[in-house]
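K.L.:
The following block contains a protein sequence and its predicted model.
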Amino acid sequence: MQFKHPEILYFLFLLVIPIVVHLFQLRRFKKEYFTNVQFLKELSLQTRKSSTIKKWLLLFTRLLLLACLILAFAQPFFTAKESSKAMNEMYIILDNSYSMQAKGKKGELLKRAVQDLLEHTPETQNFSLITNSESFWNTDIKSIQKELQDLKYSATPFRLDNLIAKINARKSGFNKDIVVITDAVGVEANESKSFKKEDNVYFIIPEAEQKNNAAIDSVYIQQNLDSFYEIAIKLSANGEIPTVPIALYNQNKLTAKTVVNFDSDTNTQLVKFTIPKEDFHGHVSISDKGLEYDNTYFFSISKPSKTNVISVGESEKSNFLSRIYTNDEFAYTNFPLANLDYNLLEKQDAIVLNELKDIPQALQTTLKSFVGKGGNLIVIPSQEANLNSWNPFLAQFGAIKWQSGNNGDKKVTKINFNHPLFQSVFEKKIDNFQYPSTKNNFNVSSATPSILVYDDQSAFLTAVSNPLSSVYVFAAAINKSNSNFQNSPLIVPTFYNMAQNSQKTGVVAITIGENQPFVVDALLSKDEILTVKNAKERFIPVQQLLNTKVKMNFAENPTEAGNFGIFNGTNPIQNISFNYTRTESDLNLINTDIAAGFKEIEDIESVFNTIQTDRTDTQIWKWFVLLTLLFLVLELLIQKFVK
């Protein structure tokens with residue numbers, strides 16, 4: 001027991017006063033004479049005995065009364081077990097990602113968490129609130145009541161380590177109480193390692209009652225026909241989802257509709273629609289009783305335009321390319337190295353380096369810039385290639401190089417069907433394919449998976465990719481004297497797809513928050529900027545001029561998924577679409593291990609009650625006041641009833 005005013009305890013010396021008063025009676029006795037005291041002797045003895053008891057009772061009562069009164073003024077208390085944490089700063093991390101749309105026992109998880117905060121956070125409590133999208137520093141519940149009630153779901157996935165980093169960035173001389181409210185969907189356990197040892201951490205993990213959910217994962221071109229695109233829509237189901245209706249819209253006009261039945265054996269389905277080879281700017285949607293945010297997928301497809309391709313090398317060895325890159329879809333030209341016009345390279349979509357022995361430094365610099373601006377590069381080695389010239393050039397794009405090769409026939413026997421290059425080529429895996437072979441080849445060292453593989457598991461074709469473009473590297477020359485690859489059915493889809501730029505000829509659907517760069521063809525002056533907008537939202541992305549192209553980064557923009565247009569002033573440049581990430585569509589991916597080693601509490605009310613109980617000293621001075629009154633009453637009773 002401790003005292004707030006221990007100096008008052010010196011007044012306990014006053015207890016001597018009642019002792020002196022009772023032990024040394026200063027009152028003078030008066031004698032009374034009686035004629036006969038024989039009959040009063042026994043009564044006199046009894047009176048003296050009871051009088052002595054009464055005096056002792058009054059003494060003890062007054063001592064206790066005075067002692068309790070002095071102790072009450074000294075204000076005694078018992079120290080709380082966590083009293084050292086009473087000055088901690090409070091931070092509340094609230095997950096407002098789209099998985100918090102799921103419904104728990106009392107409604108949507110986010111709305112229930114907000115309501116609990118409004119109802120049970122003490123008005124005098126000072127705290128900071130951090131969500132996926134917003135931060136409220138050093139505030140109280142009344143000040144942010146309206147903001148909490150209007151809090152929207154965020155397209156930014158819940159990343160606990162990022163939010164902890166925000167808290168740790170605020171310098172303070174006090175330790176922290178951190179309350180994390182999240183459903184823990186899609187969260188990795190190691191994210192909680194960012195907490196400091198001195199942090200006092202509480203986890204509140206609300207759980208959804210209904211975890212069944214269907215989602216649209218992606219849309220891509222499955223097949224490129226003469227006048228039509230066959231687009232594939234990939235759907236996933238989590239839990240028991242028997243039937244889901246799906247509809248395709250172009251410019252908000254219904255184009256096609258069907259029903260998807262999920263088998264018990266698989267949780268994914270592929271739905272195919274055929275659309276004309278024209279501009280498509282719309283979305284596909286499903287009707288699902290689970291989460292709402294992943295029921296719509298926005299995408300854009302531009303009307304096909306000719307792909308610009310240049311091959312550099314001897315014309316005799318490049319004739320096969322003219323049969324692949326035909327005039328109806330491509331603008332193809334071939335230049336010998338000596339006659340190459342470097343000014344044309346920046347305007348191309350793909351460049352083929354066909355069996356060059358050496359690569360000049362000026363061409364290396366130009367091609368490095370070309371790939372960085374979104375162009376695809378295809379490298380076919382010469383049998384007499386100077387590796388000392390080529391390998392430093394290839395190393396600029398990644399961990400890839402040619403090594404001394406083999407003399408002798410080798411067959412290409414394996415296709416990486418999962419590689420994006422062949423993703424839309426084969427409907428199923430083929431075993432009895434007419435595989436090509438080569439007579440001489442280099443060994444290709446690469447950290448990336450091979451696309452075409454020899455029978456000895458070495459690479460025949462590999463690629464190094466970035467978000468904008470790819471560099472494809474062959475292991476051998478493919479002229480007819482060294483290989484029969486030109487006669488193989490593989491050559492057409494391989495070279496056709498290597499020349500295509502997905503941002504120009506494929507489905508445009510950017511995921512919000514992934515900061516994926518995007519390049520458009522636009523010739524701007526220094527004062528001109530591109531704007532991205534639709535009927536609801538407008539923003540200016542970070543952009544970089546690249547001669548005849550503009551590279552854009554969108555960061556966390558836009559705030560809502562949808563179809564947008566890219567404009568130069570009032571002039572439309574290209575259509576573009578944005579979608580929310582699908583990382584939280586599976587409500588079964590709850591990782592409660594994130595709270596391992598920390599306090600897990602049911603609700604916010606329990607957090608504040610626990611903190612109040614563990615850190616508030618137990619004040620007992622009121623009990624001493626009550627005891628004082630009790631002894632005062634007891635003294636009066638003794639005075640009145642004890643004879």
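P.N.:
The structure has been received and is ready for your questions. Residues are numbered from 1 along each chain as shown.

K.L.:
Output the contacting helices and strands for the helix or strand hosting I92.
P.N.:
Assigning secondary structure by DSSP states H and E places I92 in strand 89-94. Under the contact criterion of 3 or more CB pairs under 8 Å, 6 or more residues apart in numbering; DSSP states H and E, strand 89-94 touches helix 109-120, strand 127-131, helix 160-168, strand 176-181. Backbone N, C-alpha and C define where each C-beta goes, glycine included.

K.L.:
Number of residues surrounding N339?
P.N.:
Counted with other CB atoms under 10 Å, the neighbours of N339 add up to 8.

K.L.:
any idea how far S315 is from it?
P.N.:
10 Å (CB to CB, to the nearest Å).

K.L.:
And for V412?
P.N.:
From V412 to S315 the distance is 26 Å (CB to CB).

K.L.:
Looking at these two, which has the bigger crowd around it?
P.N.:
Using other CB under 10 Å as the criterion, V412 and S315 rank with V412 on top: 24 against 12.

K.L.:
residues making contact with stretch 482-491?
P.N.:
For stretch 482-491, the surrounding residues in contact (CB atoms under 8 Å, 6 or more residues apart in numbering) are 320, 324, 383, 412, 415, 433-440, 452, 476-480.

K.L.:
Just give the nearest non-adjacent residue to A214, would you?
P.N.:
D288 (4.3 Å; CB to CB, 6 or more residues apart in numbering).

K.L.:
what's the burial count for F203?
P.N.:
Using other CB under 10 Å: F203 sits among 21 other residues.

K.L.:
what about it, which SS state?
P.N.:
strand (DSSP: H, G, I helix; E, B strand; the rest coil).

K.L.:
Is it in contact with I594, as I believe?
P.N.:
Yes. Proximity of F203 to I594 meets the contact threshold set by CB atoms under 8 Å, at 7.2 Å.

K.L.:
What average pLDDT does the strand or helix carrying I310 get?
P.N.:
Using DSSP H and E, I310 sits within strand 307-312. Rounded to a whole number, the mean pLDDT of strand 307-312 is 92.

K.L.:
list the helices and strands it packs on?
P.N.:
strand 330-335, strand 350-356.

K.L.:
Quick check: can you name the pairing partners of the first one and their directions?
P.N.:
Here the strand partners of strand 330-335, with direction, are listed using DSSP bridges: strand 307-312 (parallel).

K.L.:
for the last one, same thing?
P.N.:
Here strand 350-356 is paired, per DSSP bridges, with strand 307-312 (parallel), strand 376-381 (parallel).

K.L.:
And E7, how close does it get to F624?
P.N.:
17 Å.

K.L.:
Give me the three-state assignment for M87.
P.N.:
M87 is classified as coil under three-state DSSP.

K.L.:
Determine the three-state secondary structure at the residue lying closest to it once chain neighbours are set aside.
P.N.:
Sequence neighbours aside, F174 is the residue nearest to M87 in space, at 5.5 Å (criterion: CB to CB, 6+ apart). Secondary structure, three-state DSSP: F174 is coil.

K.L.:
Give me the neighbour count for F174.
P.N.:
Around F174 there are 10 residues (other CB under 10 Å).

K.L.:
so who does it touch?
P.N.:
Going by CB under 8 Å, 6+ apart, F174 touches M87, N88, E89.

K.L.:
now swap in P206 and tell me
P.N.:
Counted by CB under 8 Å, 6+ apart, P206 has contacts G104, L109, R112, A113, I181, D183.

K.L.:
Check what pLDDT the last one gets.
P.N.:
Per-residue pLDDT puts D183 at 92.

K.L.:
Over to the fourth one?
P.N.:
Note on A113: pLDDT of 94.

K.L.:
That one against I181, yeah?
P.N.:
Yes. The pair A113 and I181 qualifies as a contact (CB under 8 Å) at a distance of 5.0 Å.

K.L.:
got any residues that touch both of the two?
P.N.:
L94, I204, P206, I604.

K.L.:
Tell me if I'm right that the first one and A113 touch.
P.N.:
In other words, L94. Yes. Contact criterion CB under 8 Å: L94 and A113 qualify, at 6.4 Å.

K.L.:
list the residues that contact both of those two?
P.N.:
With CB under 8 Å, 6+ apart as the test, L94 and A113 both reach I181.

K.L.:
need the contact list for the residue lying closest to D116 once chain neighbours are set aside.
P.N.:
Spatial nearest neighbour of D116, chain neighbours left out: I604 (4.7 Å); criterion: CB to CB, 6+ apart. Contact analysis of I604 by CB under 8 Å, 6+ apart lists A113, D116, L117, H120, T121, V179, I181, I204.

K.L.:
And the buried ones among those, selectable in PyMOL?
P.N.:
Per 16 or more other CB atoms under 10 Å, the buried members of these correspond to this PyMOL selection:
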select buried, resi 113+116+117+121+179+181+204
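
K.L.:
Which of the contacts of stretch 482-491 fall in strands?
P.N.:
V412, I415, S437, T438, K439, N440, L452 (DSSP state E).

K.L.:
now the strands for the stretch 401-550 of the chain?
P.N.:
437-446, 450-454, 459-465, 470-474, 507-508, 510-511, 518-521, 530-533, 538-539, 542-546, 549-553 (DSSP state E, counting those that start in this stretch).

K.L.:
what's across from L94 in the sheet?
P.N.:
The partner residues for L94, given DSSP bridges, come to T131, I181.

K.L.:
neighbours of it, just the number please.
P.N.:
24.

K.L.:
Please name the residues that touch it.
P.N.:
L94 touches L110, A113, V114, L117, L129, I130, T131, L151, I181, T182, counting by CB under 8 Å, 6+ apart.

K.L.:
The third one: what's its closest spatial neighbour, skipping adjacent residues?
P.N.:
Using CB to CB, 6+ apart and skipping the chain neighbours, the partner closest in space to V114 is L148 (5.0 Å).

K.L.:
Pretty sure that neighbour sits against L118.
P.N.:
Yes. Between L148 and L118 a contact is recorded at 6.3 Å, counting by CB under 8 Å.

K.L.:
quick one on the thing from earlier: look at E7 and F624 and report which has more neighbours.
P.N.:
F624 (19 against 8).

K.L.:
in what helix or strand does the more buried one lie?
P.N.:
helix 621-641.

K.L.:
what's stretch 561-570 in contact with?
P.N.:
155, 281-283, 296, 298, 300, 512, 520, 522, 524, 528, 530-534, 536-537, 552, 558, 572-580.

K.L.:
How about stretch 235-243?
P.N.:
So stretch 235-243 is in contact with 211-217, 244, 246, 259-262, 267-271, 286, 288, 290, 582, 585-588, going by CB under 8 Å, 6+ apart.

K.L.:
what's the spacing between N319 and K480?
P.N.:
N319 is 10 Å from K480, by CB to CB.
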